[in-house]
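Participant: Quick one, what's the 3D model for this:
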Amino acid sequence: MSTEQNKAVVRRLITEALNGGNTALVDELLAPNYVNPVSGGDRASVKAMFTGMKAAIPDNRIEIENLVAEGDAVVARFTMVGTHTGSMMGESPTGKTFSVRGLTYYRFVDGRVVEDEVFTTPDLMQTLGIQMPQASR
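Facilitator: Numbers count the residues shown, from 1 in each chain. Alright, predicted model coming up:
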């Protein structure tokens, strides 16, 4: 797949699956062996996270600022804004409005995402006052 095709996959993942709530696209755009190297999450956990984000932050919007691709990798630079009005990770809504900037690194095999890693500044969970559970290794 070309770098432009990989960028199109990232654009669809963000705009249609995450912003638009179409979690069925996760199975199309992420490879069956997808894994998040930090959390160990798989496709099912991505779908659950997208659904949870929509429930906790219904007005959540991610605006893509740049997509940079080389070889089998795409990096997305984005701004995410929203208001925490629903329960998230067992925590009550804070009512906080936020704006964070971030980068996500995506690695591709045969036109599908096989891994990704997200970094935001400031950290979204810290901004909302939510304590993340430690990943099991």
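Participant: lowest-confidence helix or strand of this structure?
Facilitator: helix 124-128 (a mean of 75; mean pLDDT, DSSP states H and E).
Participant: Report all helices and strands that that helix contacts.
Facilitator: strand 97-109 (3 or more C-beta pairs under 8 Å, 6 or more residues apart in numbering; DSSP states H and E). Where C-beta positions appear, they are placed from N, C-alpha and C, glycine not excepted.
Participant: Run through the helices of the protein in chain order.
Facilitator: Taking DSSP state H, the helices of the chain run over residues 3-12, 25-29, 43-56, 124-128.
Participant: buried stuff in stretch 85-97?
Facilitator: Across stretch 85-97, burial judged by 16 or more other C-beta atoms under 10 Å covers 85, 88, 94.
Participant: meant to ask about stretch 53-63, not that
Facilitator: Result for stretch 53-63 [16+ other C-beta under 10 Å]: buried residues 53-54, 56-57, 60, 62.
Participant: from the chain's centre, how far out does it sit?
Facilitator: From the chain centre to the centre of stretch 53-63 is a distance of 11 Å (C-alpha atoms, centre = their mean, to the nearest Å).
Participant: what's the average pLDDT for it?
Facilitator: Average pLDDT, stretch 53-63: 94.
Participant: Give me the contacts around it.
Facilitator: 14, 18-19, 21, 78-88, 93 (C-beta atoms under 8 Å, 6 or more residues apart in numbering).
Participant: of all these, which comes closest to residue 100?
Facilitator: Closest to residue 100 out of those is residue 80 (5.3 Å), distances taken as C-beta to C-beta.
Participant: Surely the closest one and residue 99 touch.
Facilitator: Yes - counting by C-beta atoms under 8 Å, residue 80 touches residue 99, with 7.3 Å between them.
Participant: Show me which of those two is the more surrounded one.
Facilitator: residue 80 (21 against 10; other C-beta atoms under 10 Å).
Participant: so what's the more buried one up against?
Facilitator: With the criterion set at C-beta under 8 Å, 6+ apart, residue 80 makes contact with 60-63, 98-102, 120, 124.
Participant: switch the cut-off to 10 Å
Facilitator: 14, 18-19, 53, 57, 60-63, 98-102, 118, 120, 124 (C-beta atoms under 10 Å, 6 or more residues apart in numbering).
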